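In: Sequence and predicted model, in that order:
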Amino acid sequence: GESVGLHLPTLSVQEGDNSIINCAYSNSASDYFIWYKQESGKGPQFIIDIRSNMDKRQGQRVTVLLNKTVKHLSLQIAATQPGDSAVYFCADAYNQGGKLIFGQGTELSVKP
Amino acid sequence: DGGITQSPKYLFRKEGQNVTLSCEQNLNHDAMYWYRQDPGQGLRLIYYSQIVNDFQKGDIAEGYSVSREKKESFPLTVTSAQKNPTAFYLCASSILPGGRAKNIQYFGAGTRLSVL
């Protein structure tokens, strides 16, 4: 079946540096992806999404890149802050009755 | 204040006991979902519902049951048949998926279930 995987379970960065979190997916037909941020003990929060007709989408301090050729997407966080410390999930939102396929998550730690 | 409310925040289950987790949303969303999250893991879908009085099994439905009698409510019962219920349970809702609609799911704060 389809799957979504993250390249690294943990990532540690210095405050002020840029962070890059990677995600791979298996379904070539997938056309819509969502990134979520989950702080400890809380539910996931929507960060940004991207459709497959785009290669790049920017939000506030975040950018998502999509490479359909190699079925890979990444979330870039500029000038990482302590408040960015959380687990980040990518989700394949290809329309299969509304089901999302989540990756395992990458835990981002920001060192002061 | 719109959103998804899950209760209780913490819940303890005794052996052989059924427990029910509450999920209420005031976002006027048609679709609702229940996920289970184990430590260090991603989210796994238990059940989902796209319309009142209808629901479908997700990937790990065994030992769980749901009902959808009202659009805003989607309670999850963890039955005694679920032998390893300790986990973090998350409820989500979205607009009805289909066509070009963006299936962004919005999550509640979760219920942490432990076995006594």
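Out: Happy to help now that I have it. Numbers count the residues shown, from 1 in each chain, chains lettered A, B, ... in the order given.
In: Could you tell me which residues of chain B lie near chain A?
Out: Residues of chain B lying close to chain A (Cβ under 8 Å from any Cβ of the partner chain) are B:4, B:6, B:31, B:33, B:40-45, B:48, B:50, B:56, B:58, B:90, B:92, B:94, B:96-98, B:102-110, B:112. Placement of C-beta: from N, CA and C, glycine included.
In: Tell me what A:L11 is bridged to.
Out: A:L108 (DSSP bridges).
In: ok, it - contacts?
Out: Counting by Cβ atoms under 8 Å, 6 or more residues apart in numbering or on different chains, A:L11 makes contact with A:19, A:21, A:106-109.
In: Show me the residues of chain B next to chain A that map onto strands.
Out: If you go by DSSP state E, the residues of chain B next to chain A have B:4, B:6, B:31, B:33, B:43-45, B:48, B:50, B:56, B:90, B:92, B:94, B:106-107, B:112 in strands.
In: B:A109 contacts A:K42, correct?
Out: Yes - in this structure B:A109 lies within contact range of A:K42 using Cβ atoms under 8 Å: 5.7 Å.
In: From chain A, how far off is the most centrally placed residue in chain B?
Out: The C-alpha lying nearest the average C-alpha coordinate of chain B belongs to B:W34 (Cα atoms, centre = their mean; 2.5 Å). According to Cβ to the nearest Cβ, to the nearest Å, B:W34 and chain A sit 12 Å apart.
In: For the chain, which residues score under the pLDDT cut-off?
Out: I'll assume chain A. Residue ranges of chain A with pLDDT under 70: A:1-2, A:6-7, A:95-97.
In: Hmm, no, I was thinking of chain B.
Out: B:1-2, B:99-100.
In: Next, count neighbours for the residue nearest to B:W34 when sequence neighbours are not counted.
Out: Leaving aside its chain neighbours, B:W34 sits nearest to B:I46 (4.3 Å; criterion: Cβ to Cβ, 6 or more residues apart in numbering or on different chains). Neighbours of B:I46 under the rule other Cβ atoms under 10 Å in any protein chain shown: 26.
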